[in-house]
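Enquirer: The following block contains a protein sequence and its predicted model.
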Amino acid sequence: MFIALEQLQDKPVRFDETFAPGVVDYATPGLRQISGLHVKGIASILGAEIHVQGSLTVQLETECARCLDPVAQDVKRTFDLYYRSLDESPEADELAVPRGEEELAFFSGDGLQLEDVAKEQVLLSLPMRAVCRTDCKGLCPQCGINRNRETCRCAETAADPRWEALKKIRS
Ligand SMILES: [Zn+2]
Ligand SMILES: [Zn+2]
């Protein structure tokens, strides 16, 4: 959904959209959207900026940082953002209200793509490092099996350098 500047100059634009999996490209390996992405809110003009307020919900799947198994992520987020035009005129600069970095973003051209706004908010809400469970044992660095499901003997058979040194002395 495109929120056109021209339309906003007339009156605020309400949105209530659901984007099916695949519509929004998160450009993040291992991230999958498994439910509709529901975005609801209102956009309006405030001085030289577009003010976007709303909330979103979506279910996603990411990979466990240790074993690479899927990890479910239930995202619920509210947002309150200000978009400033990149092609702003000098008088627009005077009208601009100083904002904190976390809520100020930029747009170019004649409006905002709601999908892009939602995508950024979804990415911001994901943990940097997700794990399937706090005691996930991860993958064996030698044979690659999932140590939550299988046991390998790599740890036992891995040569301890101290024993290796002893063996050399004996022989
Ligand atoms: Zn895991
Ligand atoms: Zn192993």
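Expert: Ah, there it is. Keep in mind that what you see is a predicted model, and the values were worked out from it rather than measured. Numbering: from 1, shown residues only. Ligands and ions are numbered 1, 2, ... in the order given.

Enquirer: Which elements pack onto the helix or strand encompassing residue 38?
Expert: Counting by DSSP states H and E, the element that carries residue 38 is strand 37-46. Contact analysis of strand 37-46 by 3 or more Cβ pairs under 8 Å, 6 or more residues apart in numbering; DSSP states H and E lists helix 5-10, strand 13-19, strand 49-63, helix 114-125 as its packing neighbours. All C-beta spots, glycine's among them, are computed from the backbone N, C-alpha and C.

Enquirer: For it, buried residues please.
Expert: For strand 37-46, the neighbour count (16 or more other Cβ atoms under 10 Å) marks 37, 39, 41, 43, 44, 45 as buried.

Enquirer: What strands line up against it, and which way round?
Expert: Using DSSP bridges, the strands paired with strand 37-46 in its sheet are strand 13-19 (antiparallel), strand 49-63 (antiparallel).

Enquirer: Relative to ligand 2, which of those strands is closest?
Expert: For the strands paired with strand 37-46, the distance to ligand 2 is smallest for strand 49-63, at 19.8 Å, taking Cβ to the ion.

Enquirer: quick check, that closest one touching ligand 1?
Expert: No: Strand 49-63 does not reach ligand 1 (Cβ under 5 Å from the ion); its nearest approach is 8.6 Å.

Enquirer: What angle do helix 114-125 and that strand make with each other?
Expert: What separates the directions of strand 49-63 and helix 114-125 is an angle of 60 degrees, with axes from the mean of the first three to the mean of the last three Cα atoms, to 10 degrees.

Enquirer: Past strand 49-63, which element shows up next along the chain?
Expert: strand 70-85.

Enquirer: What about the nearest residue to residue 81 once chain neighbours are set aside, how many residues nearby?
Expert: Leaving aside its chain neighbours, residue 81 sits nearest to residue 52 (4.8 Å; criterion: Cβ to Cβ, 6 or more residues apart in numbering). Residues near residue 52, counting by other Cβ atoms under 10 Å, number 24.

Enquirer: Please report the distance of residue 52 from ligand 1.
Expert: When Cβ to the ion, to the nearest Å is applied, the distance between residue 52 and ligand 1 equals 36 Å.

Enquirer: got it, and residue 31?
Expert: Per Cβ to the ion, residue 31 is found 16 Å from ligand 1.

Enquirer: my guess is that residue meets residue 61, correct?
Expert: Yes: counting by Cβ atoms under 8 Å, a contact exists between residue 31 and residue 61, whose distance comes to 7.4 Å.
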